[in-house]
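A.B. asks: Here is the input, now give the coordinates:
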Amino acid sequence: MSYLSLEEVCDRVGLTKNQLGYLIKYKHIEPINLDTWKADGGYCFEKEDVKKLEELYKDCLTLKEAAEFLNKSKTYVHNAAKDGILPFKEIAKGKSTERLYLKSDLEIFKERIENRSKEKSKEKKQHLSLYLDEKVLEAIKKKAEKKGYNGYKKFAEDILSAEVKEDIEE
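C.D. replies: Take a look at the predicted model:
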């Protein structure tokens, strides 16, 4: 039976040597030569154990990697997961747990974020269309000046909100 070295396992699973060392320390994977690894020139692992580890980490990203993938902060990703917006799976990591994020879930989440930001920019553009008509803009500026407003945008918003409030009260 052929065995895999520490480096081969790291390459297959997508972990660093330190991460794999941590998993060995907390018995998530056990090398076949735990007592003689120094004399053997390094740890050796059974292929079956490595396959189990591969399945666990397949297409998964850590918090840091997920944040980089989404171009967001780690706090943003953590809060999205905590609020139930972003799915994750928890795996045991020593005495605590670690959240891993599936790449497919992150791609869907990223698309939703991008669509939401496009909608917001569209709303802003619609809001600005009022100020693109020069005649309307001049009339608003004159009225705002007469009423004592410093900015014409605030004046226009006040008029619109008052009109909408009347509709709501009816």
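A.B. asks: drop to CA atoms for contacts and neighbour counts, all remaining ones
C.D. replies: OK.
A.B. asks: tell me which strands and helices the strand ranked longest in the chain is in contact with?
C.D. replies: Across the chain, the longest stretch assigned as strand under DSSP state E is strand 96-102. The contact analysis (3 or more Cα pairs under 8 Å, 6 or more residues apart in numbering; DSSP states H and E) places strand 96-102 against strand 60-61, helix 63-70, strand 89-93.
A.B. asks: mean confidence for the shortest one?
C.D. replies: Read that as strand 60-61. Within the predicted structure, the mean pLDDT of strand 60-61 is 89.
A.B. asks: Which neighbours in the sheet does it have, and how are they oriented?
C.D. replies: Paired with strand 60-61 in the same sheet, following DSSP bridges, are strand 96-102 (antiparallel).
A.B. asks: Quick check, pLDDT for the residue of the chain most remote from its centre.
C.D. replies: Among the residues of the chain, the one whose C-alpha is farthest from the average of all C-alpha positions is Lys146, by Cα atoms, centre = their mean at 49.1 Å. The confidence metric pLDDT takes the value 79 at Lys146.
A.B. asks: for it, helix, strand, or coil?
C.D. replies: helix (DSSP: H, G, I helix; E, B strand; the rest coil).
A.B. asks: Count residues in the vicinity of Lys93, would you?
C.D. replies: The criterion is other Cα atoms under 10 Å. On that basis, Lys93 has 15 neighbouring residues.
A.B. asks: Bridged to it, which residues?
C.D. replies: Partner residues in beta bridges with Lys93: Ser96, with DSSP bridges as the criterion.
A.B. asks: So it is in contact with Ile24, correct?
C.D. replies: No. Taking Cα atoms under 8 Å as the definition, Lys93 is not a contact partner of Ile24, at 10.6 Å.
A.B. asks: so how far is Phe109 from Val77?
C.D. replies: From Val77 over to Phe109 the distance is 10 Å, taken as Cα to Cα, to the nearest Å.
A.B. asks: Tyr22 too?
C.D. replies: According to Cα to Cα, Tyr22 stands 30 Å off from Phe109.
A.B. asks: taking the helices and strands packed on strand 96-102 together, which one is wrapped up most tightly?
C.D. replies: Looking across the helices and strands packed on strand 96-102 with neighbours counted as mean count of other Cα atoms under 10 Å, the highest average goes to strand 60-61: a mean of 20.
A.B. asks: List of residues touching it?
C.D. replies: By Cα atoms under 8 Å, 6 or more residues apart in numbering, the residues outside strand 60-61 that reach it are Leu100, Tyr101, Leu102, Lys103.
A.B. asks: hang on, the second one packs against Lys89?
C.D. replies: Yes. The pair formed by Tyr101 and Lys89 meets the contact definition of Cα under 8 Å, at 6.5 Å.
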